[in-house]
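Engineer: sharing a model that was predicted from the sequence below.
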Amino acid sequence: MQSIYVLVCLVAAVTAQEIVQAEVENNSYPTWYVHPDHLRFRRQLSADPRTGDVSYHHAISDRGHVFGTLGSRGDSAFGKAGYKHNVFNDGRGKLDATGYGTHAISPYGSSNHFGGRVDYTGAHSKASLDVSKQIHGMTSVDAAAGGRWPIGKNGDFSLQGTYNRIGRFQDYGARAGLNYRF
């Protein structure tokens, strides 16, 4: 009996698809409907064959997109979703801003995080700032900045700095370098 239901549903789906395609081919759309302003951005859904994680990416505009990932590791499962927006990308450099949230479930409990990130890339410099908060927990701040400036044809000078804070624990770092290629 179930096979008869499946067969009837399959025939109905194929028939409906043929009817819809025939109507679309016979009718022409108005020019305002086919205009590029009315076209939708393509959604991308993919699965990682090694881990089984499912990722989603959907462009909302030319400068922003929504992303998400669902996956599991052992006995725990997690989900992450957010929005990334390109603030500017011109002679000043490139500035991206991201807002995100995560939820993880395990046999030991669950945790929720939300946060934001800003990334800047210029001709000779890079900087990033990431602030996240665990609900009913600590706030985490990660900042990094660095620059590289050319010296002559074969050399460059670089300077980098980092700052990390989780709750009341802080960590600083700095590095400078001079590279010259003979």
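Structural biologist: Arrived safely, thanks for sending. Residues are numbered from 1 along each chain as shown.
Engineer: for the residue nearest to the spatial centre of the chain, list each beta-bridge partner.
Structural biologist: Centroid-nearest residue in the chain: residue 67, 4.6 Å away (criterion: Cα atoms, centre = their mean). Taking DSSP bridges as the rule, residue 67 bridges to residue 57, residue 82.
Engineer: how much space between residue 54 and residue 79?
Structural biologist: 10 Å (Cβ to Cβ, to the nearest Å). To be clear about C-beta, it is placed using only N, CA and C from the backbone, and glycine gets the same treatment.
Engineer: check contacts around the residue nearest to the centre of the chain.
Structural biologist: 55-58, 81-84 (Cβ atoms under 8 Å, 6 or more residues apart in numbering).
Engineer: tell me the one of the residues you listed nearest residue 44?
Structural biologist: residue 57 (4.3 Å; Cβ to Cβ).
Engineer: distance check, the closest one against residue 100.
Structural biologist: Applying Cβ to Cβ to residue 57 and residue 100 gives a distance of 14 Å.
Engineer: and residue 71, by the same measure?
Structural biologist: Distance from residue 71 to residue 100, by Cβ to Cβ: 15 Å.
Engineer: which residues of the protein score low on pLDDT?
Structural biologist: Applying pLDDT under 70 to the chain flags the ranges 1-43.
Engineer: can you show me the strands along it?
Structural biologist: All strands of the chain, identified by DSSP state E, fall at 43-47, 54-59, 64-73, 76-90, 93-106, 109-121, 125-134, 139-151, 155-166, 169-180.
Engineer: can you show me the CA trace of the fourth one as PDB?
Structural biologist: Presented in PDB, the C-alpha positions along strand 76-90 are these (Å, rounded to 0.1, in the frame of the first residue of the first chain):
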ATOM      1  CA  SER A  76      29.100  17.400  21.800                       C
ATOM      2  CA  ALA A  77      27.200  19.400  19.200                       C
ATOM      3  CA  PHE A  78      27.700  23.100  18.200                       C
ATOM      4  CA  GLY A  79      26.200  25.800  16.100                       C
ATOM      5  CA  LYS A  80      27.600  29.100  15.000                       C
ATOM      6  CA  ALA A  81      25.800  31.900  13.100                       C
ATOM      7  CA  GLY A  82      26.600  35.500  12.300                       C
ATOM      8  CA  TYR A  83      26.700  38.400   9.900                       C
ATOM      9  CA  LYS A  84      29.800  39.800   8.100                       C
ATOM     10  CA  HIS A  85      29.700  43.300   6.600                       C
ATOM     11  CA  ASN A  86      32.400  45.100   4.500                       C
ATOM     12  CA  VAL A  87      32.400  48.600   5.800                       C
ATOM     13  CA  PHE A  88      34.800  49.900   3.100                       C
ATOM     14  CA  ASN A  89      37.300  48.600   0.600                       C
ATOM     15  CA  ASP A  90      39.100  51.400  -1.200                       C
END
